[in-house]
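**Q** Give me the fold of what follows.
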Amino acid sequence: MNIIVARWLIALFAGTIAFAAHAQAGDDLPARVGRVANVQGMLYHSPDDNAGEWSQIGLNDPVAQGDNLWVDRGGRAEVDYGGGQIRLAGDTNLHVSRLTERRLALFVAAGSIIARVRALEPEDSVRVDTPTTQVALTRPGLYRVDVDPEAARTTLIVREGAADVATAAGTGQVLPGQTAVLTGRGNVTADIRNGGGIDGFDTWGAARDRVYEAPRENAYVSREMVGSADLDTYGAWQTYPDYGAVWFPTVDPEWAPYRFGHWTWLRDWGYAWVDDAPWGYAPFHYGRWAYVGGRWGWCPGAYVARPLWAPALVAWYDGAGFMRAPGHDGIVYGWVPLGWREPFVPSWRGCTSRCYARYNRPYAVDMAERPDARPTHFANWSVPGGVTAVPAAALASGRPVAINRLPIATNAAIAPPLSMTPPAVKPARVRPSAPIERPRVTPLPAPVQSIERPLRTPASVPSPVRVPAPMPALALPYLAPAPAMPMAPPPRVVPQPPPIPAAVPAPTPAQHAPIRIAPVPPPERPN
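**A** Purely as a prediction, here's the structure:
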């Protein structure tokens with residue numbers, strides 16, 4: 001083993017130990033959870049704590065750190081993560097290695113993605129790992145990454161922004177309008193040229209960009225609030241002295257929040273709401289609900305540049321033998337949307353005082369009250385449609401709430417015990433499998449995992465492909481491990497860019513110095 005490789009392995013081991021120590025410190029959960037914002041075809045999900053169990057997911061499903069995603073052949077999907085969007089083409093297998101308020105790290109095992117990075121502060125980082133190389137996206141912009149694992153080839157196209165790529169010789173910078181083709185296993189070489197073609201995937205991505213870049217009527221909420229781009233299309237804003245800005249969705253009179261959708265399960269957060277409405281993400285994971293003038297309105301509260309995500313902003317009613325619907329003998333669980341000035345108390349361990357303040361201060365919650373003090377009443381309990389309840393089996397199996405809802409009396413005399421925490425009962429499955437309307441075109445791949453965050457794999461699942469851990473600032477040569485098993489999707493041939501006149505070779509840099517490859521000038525025309 002040479003000195004360079006040894007130093008890289010030492011840095012890798014140190015980074016892995018540091019992350020493990022950080023994870024054990026009981027810090028707050030990630031402030032960001034992405035959203036499936038658009039799906040065409042079939043999108044499958046495999047959680048990090050149950051690798052190998054694939055289930056079909058769809059619009060508004062949450063995407064969290066550690067999730068595996070797979071888009072079937074001919075399909076497309078988009079994940080909005082707050083700071084931008086990640087788009088997946090068909091036959092793409094993606095692992096979300098890290099998703100926090102400041103960091104996004106992806107591993108593309110096979111296929112094609114488009115990364116639209118909109119917000120990138122000095123302390124933020126966005127990284128894309130592949131079986132061949134590591135790509136650091138250093139500026140807001142538009143990037144495409146194509147991965148062919150069989151040919152050990154990664155193609156990066158920078159349409160806007162700038163990126164650094166890792167090679168055996170150091171790092172190379174790819175500028176707007178350039179394409180980098182990186183090949184090899186371990187001894188990675190880069191061919192950086194001007195130009196880059198487009199196809200239907202790029203055209204679809206440009207159409208999706210227009211959704212997020214459309215002018216908005218106001219600036220009541222941050223553009224980094226996941227799902228906020230849909231609000232102007234599906235509702236209208238009004239202002240009130242008590243609540244500030246209030247958004248009213250265009251819905252039927254019998255509509256009520258947290259009623260038309262289903263519950264899913266996230267390992268770290270517990271039960272999370274998945275709404276059926278195309279706009280149904282931001283109003284159910286941020287803010288509060290109020291019944292104003294005979295209709296439901298969503299109150300986003302004070303403006304926050306990067307609001308804190310919550311699995312569901314509801315208060316639960318204990319169903320341990322106390323809450324029973326007429327004609328139903330089993331346990332029933334109910335919930336009510338949190339109203340203005342009502343606190344959200346996270347049920348998971350590790351939410352610090354700063355975490356609690358971020359969840360509640362924007363909504364006029366009295367911060368002098370103890371976080372563990374249980375309210376004696378919730379404002380939305382007594383309003384039309386305020387309380388929703390289902391049998392425990394319907395909750396745990398992820399069945400649609402609306403068709404399984406039970407009639408519950410809402411007079412105070414028989415109100416069940418209040419609870420700020422979700423039910424202790426866990427679902428039989430991690431996520432419900434949506435009905436499959438047509439046969440799959442390709443077999444599902446083995447999920448990929450990152451050694452940056454060790455995952456528990458059932459004994460029956462083959463050893464997964466592992467993702468290289470991050471290198472400090474891309475300062476050391478990149479060593480890509482060979483996949484532990486072949487990928488299930490068939491080899492994908494990445495088209496090469498058209499040849500152009502060769503560039504003058506750059507001088508050999510000193511060890512660890514960045515390699516910057518200048519754009520190739522066009523050939524001179526004859527007189």
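
**Q** mind listing what's buried in stretch 352-359?
**A** Within stretch 352-359, the residues that qualify as buried by neighbour count (16 or more other Cβ atoms under 10 Å) are Cys355, Tyr356, Arg358, Tyr359. Backbone N, C-alpha and C define where each C-beta goes, glycine included.

**Q** residue ranges with poor pLDDT in the stretch 351-500 of the chain?
**A** In the predicted model, the stretch 351-500 of the chain carries pLDDT under 70 at residues 370-374, 409-420, 428-500.

**Q** how is the protein carved up into domains?
**A** In the domain annotation for the chain, the residue ranges read 33-208+444-496, 220-302+313-419 (automatic domain parsing).

**Q** Show me the buried residues of stretch 352-359 that map onto helices.
**A** Counting by DSSP state H, the buried residues of stretch 352-359 place Cys355, Tyr356, Arg358, Tyr359 in helices.

**Q** The second one touches Trp348, doesn't it?
**A** Translated: Tyr356. No: assessed by Cβ atoms under 8 Å, Tyr356 is found out of contact with Trp348, at 12.0 Å.

**Q** got any residues that touch both of these two?
**A** Here Tyr356 and Trp348 have no joint contacts, going by Cβ atoms under 8 Å, 6 or more residues apart in numbering.

**Q** which one among the ones in helices among the buried residues of stretch 352-359 gets closest to Leu120?
**A** Ranked by distance to Leu120 (Cβ to Cβ), those are led by Arg358 at 21.4 Å.

**Q** The closest residue to that closest one other than its chain neighbours and Ala31, how far apart?
**A** Excluding its sequence neighbours, the residue lying closest to Arg358 (Cβ to Cβ, 6 or more residues apart in numbering) is Leu308, at 4.5 Å. When Cβ to Cβ, to the nearest Å is the yardstick, Leu308 and Ala31 sit 5 Å from each other.

**Q** Tell me which helix or strand His262 sits in.
**A** strand 261-266 (DSSP states H and E).

**Q** Distance from that strand to the middle of the chain?
**A** 15 Å (Cα atoms, centre = their mean, to the nearest Å).

**Q** got the CA positions of it in PDB?
**A** Backbone C-alpha positions of strand 261-266 (Å, rounded to 0.1, in the frame of the first residue of the first chain) are rendered in PDB as follows:
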ATOM      1  CA  GLY A 261     -54.400  10.900   3.200                       C
ATOM      2  CA  HIS A 262     -52.700   8.200   5.300                       C
ATOM      3  CA  TRP A 263     -50.000   7.700   7.900                       C
ATOM      4  CA  THR A 264     -46.600   6.300   7.200                       C
ATOM      5  CA  TRP A 265     -43.700   5.500   9.500                       C
ATOM      6  CA  LEU A 266     -40.200   7.000   9.600                       C
END
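
**Q** Need the mean per-residue confidence for it.
**A** Averaging pLDDT along strand 261-266 yields 94.

**Q** What are the contacting residues of that strand?
**A** With contact meaning Cβ under 8 Å, 6+ apart, strand 261-266 is reached by 33, 60-62, 64, 271-277, 280, 284, 311-312, 395, 398-401, 426-427, 430-432.

**Q** Take the residues you listed and keep only those in helices.
**A** Secondary-structure check on those using DSSP H: residues within helices are Phe284, Leu395, Val401.

**Q** and which of those is nearest His377?
**A** Within the ones in helices among the contacts of strand 261-266, the smallest distance to His377 is 22.3 Å, found for Phe284 (Cβ to Cβ).

**Q** Look at the closest one and say how many residues are nearby.
**A** A total of 26 residues lie near Phe284 under the criterion other Cβ atoms under 10 Å.

**Q** Touching, it and Ala312? I think so.
**A** Yes: counting by Cβ under 8 Å, a contact exists between Phe284 and Ala312, whose distance comes to 6.5 Å.

**Q** Would you map the strands across the stretch 101-250 of the chain?
**A** Applying DSSP state E, counting those that start in this stretch to the stretch 101-250 of the chain gives strands spanning 103-117, 125-129, 134-137, 141-148, 153-160, 163-167, 170-174, 178-183, 189-194, 235-240, 244-249.

**Q** Format those strands as CSV; extra columns: mean pLDDT and distance to Leu338.
**A** Written out in CSV, the entries for those read as follows (pLDDT from 0 to 100; distance: least, Cβ to Cβ, whole Å):
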stretch, mean pLDDT, distance to Leu338
strand 103-117, 97, 29
strand 125-129, 97, 33
strand 134-137, 97, 37
strand 141-148, 98, 38
strand 153-160, 97, 40
strand 163-167, 94, 42
strand 170-174, 93, 46
strand 178-183, 96, 48
strand 189-194, 94, 52
strand 235-240, 96, 17
strand 244-249, 97, 15
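
**Q** I'd like the ones you listed as JSON lines, with mean neighbour count and distance to Thr92 appended.
**A** Conversion of the strands of the stretch 101-250 of the chain to JSON lines gives the following (neighbours: other Cβ atoms under 10 Å; distance: least, Cβ to Cβ, whole Å):
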{"stretch": "strand 103-117", "mean neighbour count": "24", "distance to Thr92": "3"}
{"stretch": "strand 125-129", "mean neighbour count": "24", "distance to Thr92": "12"}
{"stretch": "strand 134-137", "mean neighbour count": "25", "distance to Thr92": "16"}
{"stretch": "strand 141-148", "mean neighbour count": "23", "distance to Thr92": "8"}
{"stretch": "strand 153-160", "mean neighbour count": "22", "distance to Thr92": "13"}
{"stretch": "strand 163-167", "mean neighbour count": "25", "distance to Thr92": "19"}
{"stretch": "strand 170-174", "mean neighbour count": "23", "distance to Thr92": "21"}
{"stretch": "strand 178-183", "mean neighbour count": "22", "distance to Thr92": "18"}
{"stretch": "strand 189-194", "mean neighbour count": "19", "distance to Thr92": "23"}
{"stretch": "strand 235-240", "mean neighbour count": "14", "distance to Thr92": "33"}
{"stretch": "strand 244-249", "mean neighbour count": "20", "distance to Thr92": "33"}
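
**Q** Can you lay out those strands as TSV showing distance to Ser222?
**A** Listed next are those as TSV, based on distance: least, Cβ to Cβ, whole Å:
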stretch	distance to Ser222
strand 103-117	16
strand 125-129	18
strand 134-137	21
strand 141-148	20
strand 153-160	22
strand 163-167	26
strand 170-174	30
strand 178-183	32
strand 189-194	36
strand 235-240	15
strand 244-249	13
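
**Q** So for Arg210, which of those sits nearest?
**A** Counting by Cβ to Cβ, Arg210 lies closest to strand 103-117 out of the strands of the stretch 101-250 of the chain; the figure is 11.4 Å.
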